[in-house]
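Asker: Sequence first, then the predicted structure, then my questions.
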Amino acid sequence: MRILIAGAGIGGLSTALSLEAVGFSDVQIFESAHELRSVGVGLNLLPNAVRELTELGVFDPLAAQAVETSELLLFHRSGGLVWREPRGRAAGYAWPQLSVHRAHLQNVLAHAVRERLGEDAIRTNMRVVGHATTRSKGVSVAVRHDRTDGAIHMEEHADLLIAADGIHSAVRAQHYPDEGEPLANGLIMWRGMSRAAPFLTGSSMAVIGDMHKKLVVYPVAPPDAGTGKQLVNWVGARPDTCVERDPETVRRHALEFFHDLSVTWLDIPSLISASETIMEHPMQDRDPVTNWVFGRAVLLGDAAHPMYPAGSNGATQAIVDARVLAHALATSGSTETALMAYERERLPAMSRIQHSNREMGPERVIDLVHQRAPDGFVDINQVISEEELQTVSATYANIGGFEPEELNARPSYTVERSTSRRTASEVTSS
Ligand SMILES: Cc1cc2nc3c(=O)[nH]c(=O)nc-3n(C[C@H](O)[C@H](O)[C@H](O)COP(=O)(O)OP(=O)(O)OC[C@H]3O[C@@H](n4cnc5c(N)ncnc54)[C@H](O)[C@@H]3O)c2cc1C
């Protein structure tokens with residue numbers, strides 16, 4: 001069975017690895033970019049994704065340059081602590097939560113894909129531009145191959161096309177032609193990476209501020225042996241619709257905007273000043289859709305469920321999608337049944353997270369606190385009860401399907417190759 005994947009982002013690479021793990025060997029990724037590069041900076045992977053990466057055998061190289069996140073803290077913009085909760089193993093999960101540099105994650109995944117499926121498994125400069133179901137129940141995929149001497153248009157045939165081509169997915173656009181551009185929520189994000197002295201536990205993730213002024217910080221690599229400093233990822237958000245392109249103006253704006261954000265444990269202006277580059281872009285998502293499966297084409301990751309970056313769920317869920325889809329393909333009676341099982345398991349759950357992230361997921365408690373005490377507080381219990389705080393956090397964990405007991409008890413998506421229906425006679429006729 002030949003499977004093509006559009007996009008070599010976290011979703012596409014995880015899918016290739018997951019398919020290989022259950023016995024598919026004819027798998028190829030078409031990536032539109034000239035080379036594999038990671039857009040963005042740091043990333044938090046929740047324990048449900050780390051479990052899948054562990055079972056795919058890439059935990060060790062990943063963890064070698066990552067931080068095991070031990071706690072999440074939410075601070076009022078005046079510096080008062082609103083909420084603190086343990087994370088990963090500290091919260092009872094059997095797998096850790098990992099903060100990583102995106103480039104590191106992408107390199108680890110791409111290296112494993114090439115090692116297991118061959119150097120040719122990832123082809124760059126290959127943009128999927130359209131597809132059609134063929135009479136033989138396969139899929140023909142229109143690809144634009146960009147070369148230095150011009151573009152070539154090609155047609156590739158496969159039994160299945162998995163669209164992991166991100167929020168601007170061409171495959172999704174073909175089936176939802178009226179959808180248009182992603183939806184912006186009126187917030188502009190700054191994203192940067194700086195070297196800084198370890199703060200709090202050295203493995204803490206902190207959110208400072210509220211919907212109108214927010215900064216998220218967490219380290220993504222162990223401290224450097226020489227300097228003792230850590231690579232720290234930071235994401236800021238402000239209400240705005242205009243994106244600034246000039247790097248120095250971006251930095252000046254960020255410094256001005258956060259001048260009144262203050263915590264005792266981090267020098268915020270130094271963090272922003274130390275950032276090599278600062279990217280700026282709008283916060284966007286799309287409305288949930290009703291179908292991810294179109295004949296022999298299926299959506300996955302951001303192509304299926306683009307969501308606001310609240311609660312560390314986008315890439316996390318793309319990795320889980322990959323495993324669920326591969327498991328279904330390896331264990332269902334036919335490809336059609338497998339695709340429907342994948343959609344049934346993932347689509348409703350992801351739609352709930354998309355909606356919840358519009359309310360900013362668990363971080364919405366700091367908005368509540370800001371509304372009730374805009375100038376800060378002496379005693380947080382006078383502003384919001386412990387019960388209310390617990391409810392917000394627990395509700396989100398429930399929506400995401402990542403409560404410790406649930407994840408720890410869930411059977412693995414690993415399928416032994418000997419029992420995978422794909423390893424013996426490939427079911428191209430299914
Ligand atoms: C500020 C910010 C912070 C975030 N933080 C987190 C976090 O902490 N934790 C978390 O889990 N998630 C986080 N996310 C979300 C996460 O980045 C995305 O959900 C995740 O990267 C989606 O992966 P993907 O592979 O589906 O899509 P993408 O990463 O977008 O990859 C798509 C790939 O497809 C390629 N492509 C596009 N079009 C085509 C085409 N037509 N043909 C072939 N290739 C194509 C692209 O070049 C790209 O390589 C964050 C997002 C943002 C914006």
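Answerer: That came through, no problem. Numbers count the residues shown, from 1 in each chain.
Asker: For the chain, what lies in contact range of the ligand?
Answerer: 6-12, 30-33, 43-45, 127-128, 164-166, 170, 189, 191, 235, 301-303, 309, 312-316, 318 (Cβ under 6 Å from any ligand atom). Backbone N, C-alpha and C define where each C-beta goes, glycine included.
Asker: Please check the residues you listed and keep the buried ones.
Answerer: Those of the residues of the chain next to the ligand that meet the buried threshold are 6-12, 30-32, 43-45, 127-128, 164-166, 170, 189, 191, 235, 301-303, 309, 312-316, 318, by 16 or more other Cβ atoms under 10 Å.
Asker: Among these, name the ones in helices.
Answerer: 10-12, 170, 314-316, 318 (DSSP state H).
Asker: for the protein, longest helix please?
Answerer: helix 335-358.
Asker: what mean pLDDT would you report for that helix?
Answerer: Mean per-residue pLDDT for helix 335-358: 95.
Asker: Stretch 220-230 now?
Answerer: 95.
Asker: Show the end-to-end separation of that stretch, please.
Answerer: 8 Å (Cα to Cα, to the nearest Å).
Asker: Pull the distance from that stretch to the chain's centre.
Answerer: Relative to its parent chain, stretch 220-230 has a centroid offset of 25 Å by Cα atoms, centre = their mean, to the nearest Å.
Asker: what does stretch 253-269 give?
Answerer: The answer for stretch 253-269 is 27 Å, by Cα atoms, centre = their mean.
Asker: Might you report the residue contacts of Val383?
Answerer: By Cβ atoms under 8 Å, 6 or more residues apart in numbering, Val383 lies in contact with 369, 372-373, 377.
Asker: Can you list which of the residues you listed are found in helices?
Answerer: Per DSSP H, the contacts of Val383 map to helices at 369, 372.
Asker: Closest one to the ligand out of the contacts of Val383, please.
Answerer: Within those, the smallest distance to the ligand is 22.4 Å, found for Val369 (Cβ to the nearest ligand atom).
Asker: and Ser78, how many neighbours?
Answerer: 17 (other Cβ atoms under 10 Å).
Asker: can you check Val378 too?
Answerer: 8.
Asker: Distance-wise, check Leu300 relative to Gln106.
Answerer: 16 Å (Cβ to Cβ, to the nearest Å).
Asker: Counting neighbours, go ahead and name the busier of these two.
Answerer: Leu300 (29 against 20).
Asker: Got the phi and psi for the more buried one?
Answerer: phi -150, psi 150 (degrees, to the nearest 10).
Asker: What residue in the stretch 51-200 of the chain comes nearest to the ligand?
Answerer: Gly166 (2.8 Å).
Asker: what's the single longest strand in this structure?
Answerer: If each strand of the chain is counted by residues according to DSSP state E, the longest one is strand 183-196.
Asker: Show me how far the helix or strand following that strand is from its chain's centre.
Answerer: Once the chain leaves strand 183-196, the next helix or strand it forms, by DSSP states H and E, is strand 204-210. Between the centre of strand 204-210 and the centre of its chain there are 19 Å (Cα atoms, centre = their mean).
Asker: elements contacting strand 204-210?
Answerer: Contacts defined by 3 or more Cβ pairs under 8 Å, 6 or more residues apart in numbering; DSSP states H and E place strand 204-210 against strand 71-75, strand 213-219, helix 364-372.
Asker: so what's the residue positioned nearest the centre of the chain closest to, chain neighbours aside?
Answerer: Computing the C-alpha centroid of the chain and ranking residues by Cα atoms, centre = their mean puts Ala315 first, at 1.6 Å. Of all residues not flanking Ala315 in the chain, Ile10 sits nearest, at 4.6 Å (Cβ to Cβ, 6 or more residues apart in numbering).
Asker: next one: Thr201
Answerer: Ser70 (5.6 Å).
Asker: Just the pLDDT for that neighbour.
Answerer: Reported pLDDT for Ser70: 96.
Asker: ok, it - contacts?
Answerer: Shown in contact with Ser70 (Cβ under 8 Å, 6+ apart): 86-90, 201, 203-204.
Asker: Out of these, which two sit at the greatest distance?
Answerer: Arg89 and Ser204 (14.4 Å; Cβ to Cβ).
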